[in-house]
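> Model the structure of this input:
(chains A and B)
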There are 2 protein chains.
Amino acid sequence: MTAKLGIVAGGGELPTHVAAACKKAGREVFIVGLDGQADPDTLDADVWIRLGEAGRGLELLREANVEELTFVGPVKRPSLRQLRPDARTARFLAKLGAAALGDNSLLSAVASELEREGFRVIAPESVLDDLLAVEGQYGAHAPDEMALGDVARGIRVARALGALDIGQAVIVQQGHVLGVEAAEGTDRLIERCAGLRLDGEGGVLVKIAKPGQERRIDLPTIGTATVAAAAAAGLRGIAVEAGGALVVDPDRLAAAADEAGLFVIAIAVES
Amino acid sequence: MTAKLGIVAGGGELPTHVAAACKKAGREVFIVGLDGQADPDTLDADVWIRLGEAGRGLELLREANVEELTFVGPVKRPSLRQLRPDARTARFLAKLGAAALGDNSLLSAVASELEREGFRVIAPESVLDDLLAVEGQYGAHAPDEMALGDVARGIRVARALGALDIGQAVIVQQGHVLGVEAAEGTDRLIERCAGLRLDGEGGVLVKIAKPGQERRIDLPTIGTATVAAAAAAGLRGIAVEAGGALVVDPDRLAAAADEAGLFVIAIAVES
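Just a heads-up that it's a prediction; the model follows:
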């Protein structure tokens, strides 16, 4: 029997989706909801902890006999005041020092620290087979030539940003970069670009993993909510990296894209 | 006697400032206000044209006996519908083709086209001596070590963005990139980052000219309004590139920075 899986749950619908898939496959889960990150209305967590409560979190996971852990769903960076670190968290942050400033280095350090504590950290897509984006098109709509040009430009920009550990998402319309994601997150990027939209053919959203990113923890994720937000902002489509993004429930995503008239594609990106 | 200077006026206070300096120096000016870009409440323009009226603009400049032209103040990219190009503008855009999609190539093309039409295009700082940022500190406040670290990170990020012809401005706080400018412009970047601010020492705004930018037309500009916006957003200071940014009325800017408790520095950036 596979050991109980610890699910550390951030935002979005993915944590619930992964938990359901585990239960369906007969694997027990122990869900740790992150306060202020996961949605208490939809996530049925076993315990809730603040991000700063690493000590209590480790204790709870051990008490629940968890050996394998996965991080699911985006986590917004807290301010130090919101973090209110417990002793264990403070020791970790002190050890990290300046490395805590970059998202990549922070997440890699979290993963290493948990492994030092005796946990195995696995990627959510190793729990849920069809989670990782596969090359090709989701749904019936395909990008035209202009959209493919926008996607190509978006990939170049997203990779340059990612190399600087800034953000994962870019919106490009007719060759023009409307917006670039940093700390505000993809939802607010999409909202903002709705107001910057030019006439004519709509833009595209490109989400690409950062080079050097801790892929077990923080892959870009898209789901039906992303499709709805993109459609509301007048975008024509979404492109992610094949093998470098999580797609929550591909069938529902394809259906949502078809209904909204958007294309969703996963493309191979050379590294 | 120096020939009459044509001032094509975009947004902000700089066009009025340049016009006043010319008049003070005894040089006649002919001010072309750009509809929807320049502020009709503060700019005393001789004529107003839409961005799409290149034909009419050229005619008006010739009738006014203008031989030398300068572009002053930021110009927001219009949609094609807002542009409603006249025949001359449409011919220019058709000639440009895909090159019109990048800001850099567009502005370079505008400058070349005007020179082909017989005008000299000069940079605003060649009209107003003290306009170009000089290396050093404006006002009494100096950046501390953390702020200098944020400035250094901001410069790296801004140069990478600039190389992709995206934007000129970045806000960094405690090593973390809060926001990156694309089509929304610096004011909205500053506003947005106010809401993303972490506790503790505030962030810095870094504005750097894009490599390959048409420097005669589109240098980053800061003035007292920039200082006020930065202060309102909880930033600690502003850094621009020495020789690569315009500083509107340095004495007033220094006084505003002192009053707001902000540092403003221009630093040498290796190319």
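> Mind listing what's buried along the longest helix anywhere in chain A?
Longest helix in chain A, counting residues (DSSP state H): helix A:145-163. Buried residues in helix A:145-163, counted by 16 or more other Cβ atoms under 10 Å in any protein chain shown: A:146-162. Glycine gets a C-beta too; all of them are placed from N, C-alpha and C.
> A strand includes A:Ile171, no?
Yes: using DSSP: H, G, I helix; E, B strand; the rest coil, the assignment for A:Ile171 is a strand.
> Wait, it touches A:Glu191, no?
No: taking contacts as Cβ atoms under 8 Å, A:Ile171 lies outside contact range of A:Glu191: 10.6 Å.
> Around chain B, which positions in the stretch 151-271 of chain A sit nearby?
By Cβ under 8 Å from any Cβ of the partner chain, the residues of the stretch 151-271 of chain A that approach chain B are A:156-157, A:160-161, A:163-167, A:174-184, A:188, A:192-193, A:196-200.
> All the strands of chain A, residue numbers only.
Per DSSP state E, chain A carries strands over the ranges A:5-9, A:29-34, A:47-49, A:68-72, A:120-121, A:136-138, A:169-173, A:176-180, A:204-207, A:221-222, A:237-241, A:246-247, A:263-267.
> which helices and strands does the longest one pack with?
Strand A:29-34 sits against strand A:5-9, helix A:14-24, strand A:47-49, helix A:54-63, with contacts defined as 3 or more Cβ pairs under 8 Å, 6 or more residues apart in numbering or on different chains; DSSP states H and E.
> hey, C-alpha coordinates of it in PDB?
The C-alpha trace of strand A:29-34 is given here as PDB (Å, rounded to 0.1, in the frame of the first residue of the first chain):
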ATOM      1  CA  VAL A  29      -4.400  12.000   2.200                       C
ATOM      2  CA  PHE A  30      -3.700  14.500   4.900                       C
ATOM      3  CA  ILE A  31      -4.500  18.000   3.800                       C
ATOM      4  CA  VAL A  32      -2.700  20.900   5.300                       C
ATOM      5  CA  GLY A  33      -4.600  24.100   4.300                       C
ATOM      6  CA  LEU A  34      -2.500  27.300   4.200                       C
END
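> Quick check: can you name the pairing partners of it and their directions?
strand A:5-9 (parallel), strand A:47-49 (parallel) (DSSP bridges).
> report the angle between the axes of that strand and helix A:54-63?
Strand A:29-34 and helix A:54-63 are oriented at 170 degrees to each other (axes from the mean of the first three to the mean of the last three Cα atoms, to 10 degrees).
> Give the bridge partners for the residue lying closest to A:Leu61 once chain neighbours are set aside, please.
Leaving aside its sequence neighbours, A:Leu61 sits nearest to A:Gly6 (Cβ to Cβ, 6 or more residues apart in numbering or on different chains; 5.2 Å). A:Gly6 has these beta-bridge partners by DSSP bridges: A:Phe30, A:Leu69.
> neighbours around A:Ile190, how many?
When neighbours are defined as other Cβ atoms under 10 Å in any protein chain shown, A:Ile190 has 25 of them.
> can you pull the contacts of it?
A:171, A:205, A:229-230, A:232-233, A:235 (Cβ atoms under 8 Å, 6 or more residues apart in numbering or on different chains).
> Specify which member of those is nearest to chain B.
A:Ile171 (8.1 Å; Cβ to the nearest Cβ).
> And the pLDDT at the closest one?
A:Ile171 is assigned 97 on the pLDDT scale.
> Pull up the gap between A:Ala260 and chain B, please.
Taking Cβ to the nearest Cβ, to the nearest Å as the measure, A:Ala260 falls 23 Å from chain B.
> Next up, the contacts around the nearest residue to A:Ile208 once chain neighbours are set aside.
Of all residues not flanking A:Ile208 in the chain, A:Ala158 sits nearest, at 4.1 Å (Cβ to Cβ, 6+ apart). Listed by Cβ under 8 Å, 6+ apart, the contact set of A:Ala158 reads A:167-170, A:206-208.
> Kindly recompute the last result at 6 Å.
Counting by Cβ atoms under 6 Å, 6 or more residues apart in numbering or on different chains, A:Ala158 makes contact with A:170, A:206, A:208.
> Narrow the residues you listed to those that are buried.
For the contacts of A:Ala158, buried by 16+ other Cβ under 10 Å: A:170, A:206, A:208.
> what's the distance between the first one and B:Glu241?
The spacing between A:Val170 and B:Glu241, counted by Cβ to Cβ, to the nearest Å, is 25 Å.
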